[in-house]
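Peer 1: return atomic coordinates for the entry below.
(one chain, ligands or ions: 1)
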Amino acid sequence: MKKRVLAGMRPTGRLHLGNYLGAAKGMLALQDDPDYETLFTVVDIHAITTPYDATSLQQSVRDVYLDYLAVGLDPEKSAITVQSDLADLITQLSFYFSSVMTVARMRHLPTFKDKVKQHPDYVTMALLNYPLLMAADILIYKAGMVPVGIDQEPHLEIAREVARKMNEQYGMDFPEPVRFATKGEYVPSILGEGKMSKSVEGSAIELGDDLDTIVARLKKAPTDSGKGETVPTEGGVANLLQFVELFQGEAKRREYEAAYVGEGIRYGDLKKELAEAIFAELQPIQERRRKLENNPEYVDRMMREGAERSRAIAEATVAEVREKMGLRK
Ligand code: TRP
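Peer 2: Numbers count the residues shown, from 1 in each chain. This next block holds a predicted model:
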């Protein structure tokens, strides 16, 4: 039996290099692995649990969806859905799940408390229910594996609890989903501190950047005199060297390391070559993205077909839950 994996992407708009190397590439590998059956979903209903802009939400959904197709998610191999296309079934299931979980359990989640601090005027029922909506995303397909970061562990714990309770009280056969790490790279900020992040201005290279933009962004990466007794292991120079390794290979990195303790690195040249190497990797992705942008009917059809394929599985699960919970089928 294939292991069923569900990956959820928030509609954050276009991806950057960190998303690509850190998450998307790992997901791509899974869809080509015969041991796995992969499902992908852009979770737009989750977006409404915190303040958001209704007029641009579907543009963000489409941007993420197109970027994932452009980097190589293949609708022939994986079902790729937009969550709200299955809103009727997923929100319905999450309501049934809310009947086996207590308010106290939900209120004490660290992720909930963080959001309460962030948006004290937006503590809604939807926010409290966020983890149950996520449990429904996963369990509606009876997916046992979920590739997410460690910050999502409390939510998966909820999904496992829901699965256990539904199995014990109603005789369902939900798996207890586990988090697993896909093979991804840690992608540092180009500013030298922390990781590449959408919310840190200037830290990222976007998947859609052209060569000039990449050059301009790398210009802002902090450097030093280019010479020293030992090669820095953290900060701007260390991060630049990591990018060199990611895009130009380990041998190139060692050349620079030798130069650092020898005749010195010329960062102008390093950055220029690095920008070219990064752009070379992004160019085919950008080309595929342009083709998709010029063919909106194809994208619409992929969204529709993804929803139809997933709907068949989701309907069966909801029907089973309704019957076992004593509701009309
Ligand atoms: N909570 C997840 C996050 O913030 C997003 C998400 C929602 C998700 N539903 C999911 C991830 C289902 C995986 C599976 O990243």
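Peer 1: next, the contact list for the residue of the stretch 201-329 of the chain found nearest the ligand, please.
Peer 2: As assessed by C-beta to the nearest ligand atom, the ligand sits closest to residue 310 within the stretch 201-329 of the chain, at 12.7 Å. Backbone N, C-alpha and C define where each C-beta goes, glycine included. Contact analysis of residue 310 by C-beta atoms under 8 Å, 6 or more residues apart in numbering lists 39, 41, 79, 81, 86, 141.
Peer 1: burial count for residue 293?
Peer 2: When neighbours are counted by other C-beta atoms under 10 Å, residue 293 registers 12.
Peer 1: next: the one 5 residues further on.
Peer 2: For residue 298, the number of neighbouring residues by other C-beta under 10 Å comes to 13.
Peer 1: and the nearest residue to it once chain neighbours are set aside, backbone torsions?
Peer 2: Nearest non-adjacent residue to residue 298, counting by C-beta to C-beta, 6 or more residues apart in numbering: residue 292, 7.0 Å away. Main-chain torsions, residue 292, degrees, to the nearest 10: phi -70, psi -40.
Peer 1: and residue 292, how far is that from residue 178?
Peer 2: 33 Å (C-beta to C-beta, to the nearest Å).
Peer 1: and residue 289, by the same measure?
Peer 2: 33 Å.
Peer 1: hang on, the earlier thing: which single one of the contacts of residue 310 is nearest to the ligand?
Peer 2: residue 41 (6.7 Å).
Peer 1: OK, contacts around the closest one?
Peer 2: If you count contacts by C-beta under 8 Å, 6+ apart, then residue 41 has 6, 7, 8, 9, 80, 81, 82, 83, 137, 310 around it.
Peer 1: bridging residues for it?
Peer 2: Beta-bridge pairing for residue 41 (DSSP bridges): residue 8, residue 81.
Peer 1: break down the stretch 151-300 of the chain into its helices, ranges please.
Peer 2: With DSSP state H, counting those that start in this stretch as the criterion, the stretch 151-300 of the chain has helices at 153-170, 211-219, 236-248, 250-261, 267-293, 296-324.
Peer 1: now swap in the stretch 1-150 of the chain and tell me
Peer 2: 17-19, 25-31, 44-47, 57-71, 87-98, 103-107, 110-118, 125-139.
Peer 1: helices and strands around the first one, which ones?
Peer 2: If you count contacts as 3 or more C-beta pairs under 8 Å, 6 or more residues apart in numbering; DSSP states H and E, helix 17-19 packs onto no helix or strand.
Peer 1: check the helices of the stretch 1-150 of the chain for me: which has the lowest mean pLDDT.
Peer 2: Lowest mean pLDDT within the helices of the stretch 1-150 of the chain: helix 25-31, a mean of 89.
Peer 1: hmm, that one touching the ligand?
Peer 2: No. Judged by C-beta under 6 Å from any ligand atom, helix 25-31 and the ligand are separated, with a smallest distance of 10.7 Å.
Peer 1: restricting to C-alpha, output that helix in CSV.
Peer 2: Provided in CSV are the C-alpha atoms of helix 25-31 (Å, rounded to 0.1, in the frame of the first residue of the first chain):
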residue,chain,number,x,y,z
LYS,A,25,11.8,20.5,-3.9
GLY,A,26,11.1,17.9,-1.2
MET,A,27,7.5,17.6,-2.2
LEU,A,28,8.5,17.2,-5.8
ALA,A,29,10.7,14.2,-4.9
LEU,A,30,7.7,12.6,-3.1
GLN,A,31,5.4,12.8,-6.1
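Peer 1: lovely, talk soon.
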